[in-house]
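heads up, no residue letters with this:
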Ligand SMILES: CC(=O)NCCS(=O)(=O)O
């Protein structure tokens, strides 16, 4: 039996799962999202150049990806430190930090933030979406990719001895590219060796999550220890959602706090409001999936920090939990979503 078995691996070392407490399963504390820059609507170029003023906050919420500076969360470590202290005060215990290779993962900063704030931080291994894969990555065999991912969990990543405690977010688009498929197979092989949690960023198409599950399953992955992220912008039809839920992955609603009229990466998508997200959670609970739901904010741009008038990392604990209770999700079920489900997922087999 490995020393990881029955434990959770944080950036500060192994932890007894009972110590995790309330857990956000998909956040970023330091990263760059430059890879996904989207040009501003015609005529808005000047606002995009100088966005951080009170009168531009609504514009930033509507166009978060159209301003280079907004994509540099890695410049905000001091603000994030304050946010994590507030998160602890609000009853938070753990954050899964999903930054992988390609979007400026910074493990020493994560370790320092965990030390400074007392929040447990679990870091992510592996690769983000295809456009961030280097030429060298694209040429690697599945075996080589597997070795790298395994090493990030067992020995440390990015030239440090800081170990990742989860594989992901593993980035995939739609359609899934050849390089992303290799990374998914490597993820499944590494998971089979390590018995570790996996988390996936699916492409923006309702068929994408099930296709990822198919590839992982075929390569020997454990879907019962896999989180499917971003369902709030991916599957909208209740019937399709229940079909996907039957495949057995954790179901993650992780864009709490995001309200956006035109989702630039797929204009077909109507981004839900927080009220609609809570309604979907209540639906899934009613259908018997209370043991499979996990939640987060997926903060990946500056404007979502409280420093810039955003909702911050405590929004779910402070505002969404009361709304969940009001909409018929019991305290026991809320505790499953915030504590028990993340704990089960994050514990190595
Ligand atoms: C960092 C990240 O991948 N966030 C998800 C953004 S998306 O618009 O929901 O794909």
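Yes, it's here. These numbers come from a predicted model, not from an experiment.

Not counting sequence-adjacent ones, nearest residue to residue 284?
Closest residue to residue 284 apart from its sequence neighbours, by Cβ to Cβ, 6 or more residues apart in numbering: residue 293 at 5.8 Å. The C-beta positions use only the backbone N, C-alpha and C, and glycine is treated the same way.

Identify the bridge partners of the one you found.
For residue 293, the beta-bridge partners under DSSP bridges are residue 251.

Tell me who's in contact with it.
Counting by Cβ atoms under 8 Å, 6 or more residues apart in numbering, residue 293 makes contact with 250-253, 281, 284-285, 336-337, 341.

quick one: what helix or strand has residue 136 in it?
Using DSSP states H and E, residue 136 maps to helix 135-139.

Could I get the buried residue list for that helix?
residue 137 (16 or more other Cβ atoms under 10 Å).

Show me what the next helix or strand after that helix is packed up against.
Under the assignment DSSP H and E, the closest C-terminal helix or strand after helix 135-139 is helix 142-154. Counting contacts by 3 or more Cβ pairs under 8 Å, 6 or more residues apart in numbering; DSSP states H and E, helix 142-154 packs against strand 120-125, helix 178-194.

Double-check residue 5 against residue 348; I have them as touching.
Yes. Applying Cβ atoms under 8 Å, one finds residue 5 in contact with residue 348, separated by 5.5 Å.

ranges for the strands of the stretch 201-349 of the chain?
For the stretch 201-349 of the chain, strands defined by DSSP state E, counting those that start in this stretch occupy the ranges 226-228, 250-253, 293-295.

how much distance is there from the helix or strand that the last one is followed by to the middle of the chain?
Beyond strand 293-295 on the C-terminal side, the first helix or strand identified by DSSP H and E is helix 315. For helix 315, the distance between its averaged C-alpha position and the chain's averaged C-alpha position is 16 Å (Cα atoms, centre = their mean, to the nearest Å).

Report the mean confidence score over helix 315.
Per-region confidence: helix 315 scores 98 on mean pLDDT.

Stretch 287-298 now?
Across stretch 287-298, pLDDT averages out at 98.

quick check, that stretch touching the ligand?
Yes. On the criterion Cβ under 6 Å from any ligand atom, stretch 287-298 is in touch with the ligand at residue 298.

Quick check: end-to-end length of that stretch?
25 Å (Cα to Cα, to the nearest Å).

And for stretch 3-11?
So stretch 3-11: terminal residues 16 Å apart, Cα to Cα.

Would you mind listing what in the stretch 151-300 of the chain touches the ligand?
Contacts of the stretch 151-300 of the chain with the ligand, taken as Cβ under 6 Å from any ligand atom, map to 201, 230, 233, 255, 265, 298, 300.

burial measure for residue 153, as a count.
24 (other Cβ atoms under 10 Å).

Check residue 249 too.
27.

Kindly report the same for residue 54.
7.

now swap in residue 318 and tell me
Around residue 318 there are 14 other residues, counting by other Cβ under 10 Å.

now do residue 195
Going by other Cβ under 10 Å, the residues that sit close to residue 195 add up to 16.

out of everything not next to it in sequence, what's closest to it?
Nearest residue to residue 195 in three dimensions, chain neighbours excluded: residue 349, at 3.1 Å (Cβ to Cβ, 6+ apart).

Could you do residue 236 as well?
residue 206 (7.1 Å).

The one you found contacts residue 239, doesn't it?
No. Here residue 206 lies out of contact with residue 239, judged by Cβ under 8 Å, at a distance of 10.7 Å.

Compare the two and say which is more crowded by neighbours.
Comparing residue 206 with residue 239 by neighbour count (other Cβ under 10 Å), the higher total belongs to residue 206, at 20 against 8.

Now the chain against the ligand: closest residue?
residue 300 (3.9 Å; Cβ to the nearest ligand atom).

Isn't that residue up against residue 29?
No. Look at residue 300 against residue 29 with Cβ under 8 Å: they stay out of range, at 10.1 Å.

what is in contact with those two at once?
Joint contacts of residue 300 and residue 29 (Cβ under 8 Å, 6+ apart) are residue 73.

Residue 110 and residue 12, how far apart?
Per Cβ to Cβ, to the nearest Å, residue 110 is found 10 Å from residue 12.

which of residue 300 and residue 29 has more neighbours?
Between residue 300 and residue 29, counting by other Cβ under 10 Å, residue 29 is the more crowded of the two (27 against 23).

so who does the spatially closest residue to residue 158 that is not a sequence neighbour touch?
Among residues not flanking residue 158 along the chain, residue 107 sits closest, at 5.7 Å (Cβ to Cβ, 6+ apart). Residues near residue 107 by Cβ under 8 Å, 6+ apart: 11, 123, 156-158, 160, 162.

Repeat the analysis, applying 6 Å as the threshold.
Contacts here follow Cβ atoms under 6 Å, 6 or more residues apart in numbering; on that basis residue 107 touches 123, 158, 160, 162.

for residue 2, same thing?
Contacts of residue 2 by Cβ under 6 Å, 6+ apart: none found.

helix/strand/coil for it?
With DSSP: H, G, I helix; E, B strand; the rest coil as the basis, residue 2 sits in coil.

Out of the helices and strands packed on helix 142-154, which gets nearest to residue 20?
strand 120-125 (6.1 Å; Cβ to Cβ).

Sounds good, over and out.
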